Structures are given as structure tokens and as C-alpha cells.
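Asker: how does the following fold in three dimensions:
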Amino acid sequence: MRVDKAGEVKVFVFNIAGEEVDKLVDQQLNIGNYRFSWDGRNKNGAMTGNAVYFIVVEQPSGNTVKKVILLK
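Answerer: Below is the predicted model of the structure:
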């Protein structure tokens, strides 16, 4: 992911029902390229099921949403 403007960046994982599954990032980041990964676990550390999930990136330059499919 590319951060175009320094500031607070948050990266969330949501399920198809719009419920927050996990928060991957919540910190101040400088301009640059970053890589984050999600291991398929929820906030409690339990494995999630096969499904469609949405990765939401909130940053000063705008928000983006990516769809991912988790298959085990």
C-alpha cells in the first residue's frame, strides 16, 4: 500500500455483514510504501471461516477498499 500523505493510517478487515473482524494497523505513518498481511484470524486470535472479506484502508489522502477471498 502507498501512503501519499503522512498522518494516521488505519487498516481494518470487515466481513460481508460489515462487522469488524480485525484491525491490522492504527498508527502514524510517513509517506512511503508499506506492506501488511492478515493471517486470517479475528481480534480474538481465532481462525475465521472461508468467506469474502473487505480490507479498508483509511489514510489522510483518502480511503480505499479491497475485496479478498479467504479459502483454507
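
Asker: which residues in the chain form strands?
Answerer: Read by DSSP state E, the chain holds these strands, from start to end of the chain: 2-3, 7-15, 20-29, 32-33, 51-59, 62-70.

Asker: out of those, which gets nearest to Asn42?
Answerer: Taking CB to CB, strand 20-29 is the member of the strands of the chain nearest to Asn42, at 5.0 Å. Placement of C-beta: from N, CA and C, glycine included.

Asker: among the strands of the chain, which is nearest Arg41?
Answerer: When those are ranked by distance to Arg41, counting by CB to CB, first place goes to strand 20-29 at 6.8 Å.

Asker: show residues contacting that closest one.
Answerer: Counting contacts by CB atoms under 8 Å, 6 or more residues apart in numbering, the residues outside strand 20-29 that touch it are 3, 6-15, 36, 38, 41-43, 48, 53, 55, 59.

Asker: drop anything exposed from those.
Answerer: 3, 9, 11-13, 15, 48, 53, 55, 59 (16 or more other CB atoms under 10 Å).

Asker: okay, the residues you listed in a markdown table with pLDDT and distance to Val65 next?
Answerer: Rendered in a markdown table, the data for those read as follows (pLDDT from 0 to 100; distance: CB to CB, whole Å):
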| residue | pLDDT | distance to Val65 |
| --- | --- | --- |
| Val3 | 93 | 16 |
| Val9 | 97 | 15 |
| Val11 | 97 | 11 |
| Phe12 | 98 | 10 |
| Val13 | 98 | 11 |
| Asn15 | 97 | 13 |
| Thr48 | 96 | 18 |
| Tyr53 | 98 | 11 |
| Ile55 | 97 | 7 |
| Gln59 | 96 | 12 |
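
Asker: how about TSV for those, with distance to Val21 added?
Answerer: Compiled in TSV, those are given as follows (distance: CB to CB, whole Å):
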residue	distance to Val21
Val3	23
Val9	18
Val11	12
Phe12	8
Val13	4
Asn15	5
Thr48	6
Tyr53	7
Ile55	10
Gln59	20
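
Asker: now for the residues you listed: which two are most distant?
Answerer: In the buried ones among the contacts of strand 20-29, the most distant members under the criterion CB to CB are Val3 and Thr48, with 26.5 Å between them.
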